[in-house]
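Asks: A structural model of the following input is requested.
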Amino acid sequence: MPLRPETARQIDALVADAQSTGHVPSLIVGVVRGGGLAHLATAGGRPSPDADLQYRIGSITKTMTAVLIMQERDAGRLALDDPLRRHLPEAAAAGPVTLRQLLGHAGGLQREPDGPWWERSEGVDLATLIAGFGATKIAYPPHRAFHYSNLAYGLLGGALERITRTPWAQLVRERILTPLGMHRTTYAATGPFAPGYVVHPWHDTLREEPRTDTRAMAPAGQLWSTATDLARWAAFLADPDPTVLAPATLDEMCAPVVLSDLDSWRGGYGLGIQLTRVGDRIHAGHGGSMPGYVSVLAVHRRSRTGIIGLANSYGFRTGHISSLGLQILTRVLDAEPEPPLRWRPTDAPPPPDVAELAGRWWWMGTPLDVSWDATTGDLLGALRGELLSRYVPEAPDRWRGRSGPEDGETLTVLRDDAGRPVALDIATFVFTRTPDDEP
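Replies: Take a look at the predicted model:
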């Protein structure tokens, strides 16, 4: 679904301005809608950006590591509340810190591993990484506060390798990249790629940064990708392919584990997913940086609209790629809201035992309107004309809430001696056909 010409023109202008004022050699920003790229804006010429040009994506890699952990959880090979030491006994210094806390940066671990700055240095193997992990690397008691930790994701990658007996790079390729057709997302740079630079602050010369193999820290930020592939990943985070990850599991990943901004509640972290509030909207995704590169990915999951951005400079002279991405995403959502689904009548009436549940029910003078979704077979409960909860059939006269405030709760149909439905027991709140609460 392409953008309207005026919206596309505004985005192109924002990207051109960001490249110019930010002194960025090469910048590319893509808008994702309906599962694919809806618009691509490019600026700069060192090198000229295009949809197939690789950039390093940095910590967006963490979202894929988190998906691998959740795949293992769904397969029953780990629990999120397992302590790390259950799967990496050598990391006993982590104490009771759990996989859930590590995924959400709530485990209290310091940001970086021992040694020189890992992002700009050749990496070490897992044994060496763990050998440098001791009690001094615990910055806070677990879950006391949000504390971003690259080290946590190196250790999570190590736990994955122990559990699966498979290298992390092979896992991410076989379980995520290949199934989603992300063939230009790779462990190491694969041409064509954009060299990464630091731009000198006084005379605008470029210093090329090394393209390191971070090895045991790779699960925290190693991968390279393109605008086309990163758009596929954004589309997945908005609406996942169930052969890769169950949609309910991704919903779980996008629920906050911890707030990263306790003053205004604008930011939080789920299970490997950064959460950002802009106005009344919540965006899920991640930012990224490696020496010579910055990146952003954010999606508004309800509308399946997202933004991806890639640049080959270590930061902007002015501004930030994440704020640019969120500004563009907000512009798209404001200018081009999701079109409503077309209503279509149904030819098939509900089964008799469902039809007699439709209509208005009351509890304490509050009306609940119950209708039937012919497409899914669900019951819908609406309060004052607004959909409140959706219920799926579980057994005769028993339904299970699958959205809204009654998610997970039961709806039981109560019948009189003649078999007529006289009340709905929803999580012990009994709705009747009269405002006086009389059956």
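
Asks: Show me where the stretch 151-300 of the chain has its strands.
Replies: Secondary structure of the stretch 151-300 of the chain (DSSP state E, counting those that start in this stretch): strands at 197-199, 206-208, 224-225, 258-259, 267-269, 274-278, 281-290, 293-300.

Asks: would CSV of these with distance to Glu252, mean pLDDT and mean neighbour count be doable?
Replies: To be clear about C-beta, it is placed using only N, CA and C from the backbone, and glycine gets the same treatment. Output for the strands of the stretch 151-300 of the chain, formatted as CSV (distance: least, CB to CB, whole Å; pLDDT from 0 to 100; neighbours: other CB atoms under 10 Å):
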stretch, distance to Glu252, mean pLDDT, mean neighbour count
strand 197-199, 39, 97, 19
strand 206-208, 41, 97, 14
strand 224-225, 25, 98, 25
strand 258-259, 15, 94, 18
strand 267-269, 13, 96, 19
strand 274-278, 13, 98, 19
strand 281-290, 12, 98, 23
strand 293-300, 16, 98, 27
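
Asks: To Arg33, which of those strands lies closest?
Replies: Closest of the strands of the stretch 151-300 of the chain to Arg33 is strand 293-300, at 10.1 Å (criterion: CB to CB).

Asks: okay, now the domains of this protein?
Replies: Listed by automatic domain parsing, the domain ranges of the chain are 5-335, 352-432.

Asks: Could you export those domains to JSON lines, including columns for distance to Leu341?
Replies: Rendered in JSON lines, the data for the domains of the chain read as follows (distance: least, CB to CB, whole Å):
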{"stretch": "domain 5-335", "distance to Leu341": "12"}
{"stretch": "domain 352-432", "distance to Leu341": "10"}
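
Asks: and those domains, which is most packed in?
Replies: Highest mean neighbour count among these (mean count of other CB atoms under 10 Å): domain 5-335, with a mean of 19.

Asks: Show me the shaky parts of the chain.
Replies: 143, 437-439 (pLDDT under 70).

Asks: So which elements touch the top helix by length along the chain?
Replies: Looking across the chain with DSSP state H, the single longest helix is helix 5-22. With contacts taken as 3 or more CB pairs under 8 Å, 6 or more residues apart in numbering; DSSP states H and E, helix 5-22 sits against strand 26-33, strand 36-44, helix 321-335.

Asks: what lines up beside the helix or strand just after the second one in the sheet?
Replies: Think strand 36-44. Counting by DSSP states H and E, the next helix or strand C-terminal to strand 36-44 is strand 55-56. Its sheet considered, strand 55-56 pairs with strand 224-225 (antiparallel) by DSSP bridges.

Asks: is it true that Gly107 touches Pro96?
Replies: No. Under the criterion of CB atoms under 8 Å, Gly107 is not in contact with Pro96, lying 9.5 Å apart.

Asks: Pull up the overlap in contacts between these two.
Replies: Between them, Gly107 and Pro96 share these contacting residues under CB atoms under 8 Å, 6 or more residues apart in numbering: Pro142.

Asks: List of residues touching stretch 129-147?
Replies: Stretch 129-147 is touched from outside by 88, 90-91, 93-98, 101, 104-111, 113-115, 151, 154-155, 158, 216-217, 258-260, 268-269, with contacts defined as CB under 8 Å, 6+ apart.

Asks: could you redo the last one with a cut-off of 6 Å?
Replies: Identification of contacts with stretch 129-147 by CB atoms under 6 Å, 6 or more residues apart in numbering yields 90-91, 93, 97, 101, 105-110, 113-114, 154, 216, 258, 260.

Asks: Would you mind measuring from Pro345 to Pro339?
Replies: 19 Å (CB to CB, to the nearest Å).

Asks: what about those two, which has more around it?
Replies: Taking other CB atoms under 10 Å, Pro345 and Pro339 do not tie; Pro339 has more neighbours (8 against 5).

Asks: how close does the more buried one get to Gly30?
Replies: Per CB to CB, Pro339 is found 21 Å from Gly30.

Asks: re the thing from before, okay if I get the strands of the stretch 151-300 of the chain as CSV plus distance to Met182?
Replies: Shown next, in CSV, are the strands of the stretch 151-300 of the chain (distance: least, CB to CB, whole Å):
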stretch, distance to Met182
strand 197-199, 25
strand 206-208, 26
strand 224-225, 7
strand 258-259, 29
strand 267-269, 24
strand 274-278, 20
strand 281-290, 15
strand 293-300, 13
